[in-house]
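In: Sequence unavailable; structure follows:
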């Protein structure tokens, strides 16, 4: 079930009624059973797979915590990594690897008949696989002790607010919270409701209002004008942000109401003035996971400049492939890897020019934000396009510079509405740099009530509750 469906509203109402009646182990069982219902609502067979991963990593983590034999511990960690990555590769990348092999074989004149398997991609498999892997890696590295309670560990893996689209919460952060009961607090309830309302605004109002324009232009880029295609690309940047950041806020808000802290997953990423800053603001839980479990083990920035560049490229390439079984995601990751490398190179090759554009005056800050946002949108073209040829067509239409008049842009009402929503979003986030929302609203409770009422009106007037899936469900 999705957060923007009637089914979920009924589900969360029942869970909220039962939650205060439980304590200790019974509360853990309530969370586990509810999470299984939430996840199994798509397809009950998905429960078999997440059950396998959960049981396997629980016992491997147990044995990792109980033994001091270095060789045995390495074998146990390897078993966890091979099993988790193997399951992920089969369900998510089997068709991709087979089709790529067939394409290479055809280029050499070999005709291969690949096996035909109808593999269903389980919802959120990449998220809970990474979350489960972080546990065994942390136990292996002695960052945390192994969890003795299977029910508690299963709650950590399957916790329904963040199960299917993150945030990817680390075991040493969430598991300790599951070791104690959290009383319901009025302040936490108000704070959580605020996050949920803003999340629904981002998803149901902003993202879903931009989606029709984006979908129509990307479905037939050859029919679009340059201005129409450019608007669609910019809209997609805010659609995916509203969609994913909205889901994260709803998940974080729901967890906060019941006393759990999932951290922060987005922090106004389109105001980043460099690509390293962008990845400190975009999908924070994934970027820190890739940094701690991939980039640093590869060597990080140790071992010289060129090894650092290599590690950055490998991390971003695999980060791109994590998003989906398509070469367009690999190109998207490669572009962001290249951006990070060029950012570091610019200070070495053009030190004076880099120092000049790094000045603190506001025109230079705006220029840096515009540059990062433009190149990010360029990479989003490959992320959104169904194929490399489609992405090239989108870019070709933009850079043909024909049909630059607004009169030639289709879906004018939807475009004007989208521009108004995006402008409002950007203005609100710009103001948040000057006024920290929580302390500010704590001092002005009436203003907080007014903002919440406006959010409700926006959701009622422009929101869509047809059960549209979140973009990141496919990852």
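Out: That came in fine, so what should we check first? Since we're looking at a predicted model, the values are computed, not measured.

In: Can you pull the phi/psi pair for residue 183?
Out: Here the main-chain torsion angles of residue 183 (degrees, to the nearest 10) amount to phi -70, psi 150.

In: Next, count neighbours for it.
Out: One way to gauge burial is a neighbour count; for residue 183, by other Cβ atoms under 10 Å, it gives 9. Using the backbone N, CA and C atoms, a C-beta is placed for each residue, glycine as well.

In: which residue packs closest to it, ignoring adjacent ones?
Out: Leaving aside its sequence neighbours, residue 183 sits nearest to residue 259 (Cβ to Cβ, 6 or more residues apart in numbering; 6.9 Å).

In: downstream neighbour of the lowest-mean-pLDDT helix or strand in the chain in the secondary structure list?
Out: Within the chain, no helix or strand scores below helix 94-107, which has a mean of 62 by mean pLDDT, DSSP states H and E. The C-terminal neighbour of helix 94-107 among helices and strands, as given by DSSP states H and E, is helix 125-140.

In: counting contacts, what elements does that next one pack onto?
Out: Here helix 125-140 touches helix 45-66, helix 70-88, helix 150-158, helix 171-174, helix 284-290, going by 3 or more Cβ pairs under 8 Å, 6 or more residues apart in numbering; DSSP states H and E.

In: Tabulate those helices in TSV, adding columns for mean neighbour count, mean pLDDT and distance to residue 18.
Out: Rendered in TSV, the data for the helices and strands packed on helix 125-140 read as follows (neighbours: other Cβ atoms under 10 Å; pLDDT from 0 to 100; distance: least, Cβ to Cβ, whole Å):
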stretch	mean neighbour count	mean pLDDT	distance to residue 18
helix 45-66	18	92	20
helix 70-88	15	92	32
helix 150-158	21	95	15
helix 171-174	19	91	21
helix 284-290	21	93	28
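
In: Output those in JSON lines; the columns should cover distance to residue 383.
Out: Rendered in JSON lines, the data for those read as follows (distance: least, Cβ to Cβ, whole Å):
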{"stretch": "helix 45-66", "distance to residue 383": "25"}
{"stretch": "helix 70-88", "distance to residue 383": "20"}
{"stretch": "helix 150-158", "distance to residue 383": "28"}
{"stretch": "helix 171-174", "distance to residue 383": "28"}
{"stretch": "helix 284-290", "distance to residue 383": "14"}
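
In: and of those, who's closest to residue 452?
Out: helix 284-290 (25.3 Å; Cβ to Cβ).

In: what about stretch 379-386, distance to the chain center?
Out: 16 Å (Cα atoms, centre = their mean, to the nearest Å).

In: Tell me which residues are up against that stretch.
Out: With contacts defined as Cβ atoms under 8 Å, 6 or more residues apart in numbering, stretch 379-386 is touched by 214, 218, 233, 236-237, 240, 323, 326, 328-329, 331-332, 335-336, 339, 388, 391, 394-395.

In: got a list of what residue 198 touches?
Out: By Cβ under 8 Å, 6+ apart, the contact list for residue 198 reads 246, 249, 455.

In: Repeat the analysis, applying 7 Å as the threshold.
Out: Residues near residue 198 by Cβ atoms under 7 Å, 6 or more residues apart in numbering: 249, 455.

In: Not counting sequence-adjacent ones, nearest residue to residue 175?
Out: Of all residues beyond its chain neighbours, the one nearest residue 175 is residue 156 (5.2 Å), with distances taken as Cβ to Cβ, 6+ apart.

In: my read: the one you found touches residue 171, true?
Out: Yes: counting by Cβ atoms under 7 Å, a contact exists between residue 156 and residue 171, whose distance comes to 6.3 Å.

In: All the helices of the stretch 151-300 of the chain, residue numbers only.
Out: When assigned using DSSP state H, counting those that start in this stretch, the helices of the stretch 151-300 of the chain occupy the ranges 171-174, 186-200, 208-219, 226-257, 275-281, 284-290, 296-298.

In: can you pull out the helices in the stretch 301-450 of the chain?
Out: Along the stretch 301-450 of the chain, counting by DSSP H, counting those that start in this stretch, helices occupy 305-323, 327-349, 351-357, 362-384, 388-399, 412-432, 437-443, 445-462.

In: Including mean pLDDT, distance to residue 53 and mean neighbour count, could the ones you listed go into CSV?
Out: What follows is the helices of the stretch 301-450 of the chain, written out as CSV (pLDDT from 0 to 100; distance: least, Cβ to Cβ, whole Å; neighbours: other Cβ atoms under 10 Å):
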stretch, mean pLDDT, distance to residue 53, mean neighbour count
helix 305-323, 91, 16, 19
helix 327-349, 89, 23, 18
helix 351-357, 74, 45, 11
helix 362-384, 93, 27, 17
helix 388-399, 92, 33, 17
helix 412-432, 90, 36, 14
helix 437-443, 68, 36, 13
helix 445-462, 78, 35, 13
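
In: closest one to residue 204 among those helices?
Out: Comparing those against residue 204 with Cβ to Cβ, the closest turns out to be helix 445-462 (5.9 Å).

In: just checking, what packs against that closest one?
Out: Based on contacts counted as 3 or more Cβ pairs under 7 Å, 6 or more residues apart in numbering; DSSP states H and E, the elements that helix 445-462 packs against are helix 186-200.

In: in the helix it packs on, what's buried?
Out: 188, 190-200 (16 or more other Cβ atoms under 10 Å).

In: With distance to residue 143 as new columns, can these be given to me in TSV?
Out: Supplementary listing: the buried residues of helix 186-200 in TSV, determined by distance: Cβ to Cβ, whole Å:
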residue	distance to residue 143
188	28
190	34
191	29
192	29
193	34
194	33
195	28
196	32
197	36
198	33
199	31
200	36
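
In: list the contacts for residue 285?
Out: Under the criterion of Cβ under 7 Å, 6+ apart, the contact partners of residue 285 comprise 166-169, 263, 265.

In: Can you tell me which of the residues you listed is nearest residue 66?
Out: Ranked by distance to residue 66 (Cβ to Cβ), these are led by residue 169 at 24.8 Å.

In: Please state the backbone phi and psi of the closest one?
Out: Phi and psi for residue 169, reported as degrees, to the nearest 10, are phi -90, psi 130.

In: Now render the helices of the stretch 151-300 of the chain as JSON lines, adding distance to residue 64.
Out: Below are the helices of the stretch 151-300 of the chain laid out as JSON lines (distance: least, Cβ to Cβ, whole Å):
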{"stretch": "helix 171-174", "distance to residue 64": "12"}
{"stretch": "helix 186-200", "distance to residue 64": "34"}
{"stretch": "helix 208-219", "distance to residue 64": "44"}
{"stretch": "helix 226-257", "distance to residue 64": "27"}
{"stretch": "helix 275-281", "distance to residue 64": "30"}
{"stretch": "helix 284-290", "distance to residue 64": "19"}
{"stretch": "helix 296-298", "distance to residue 64": "17"}
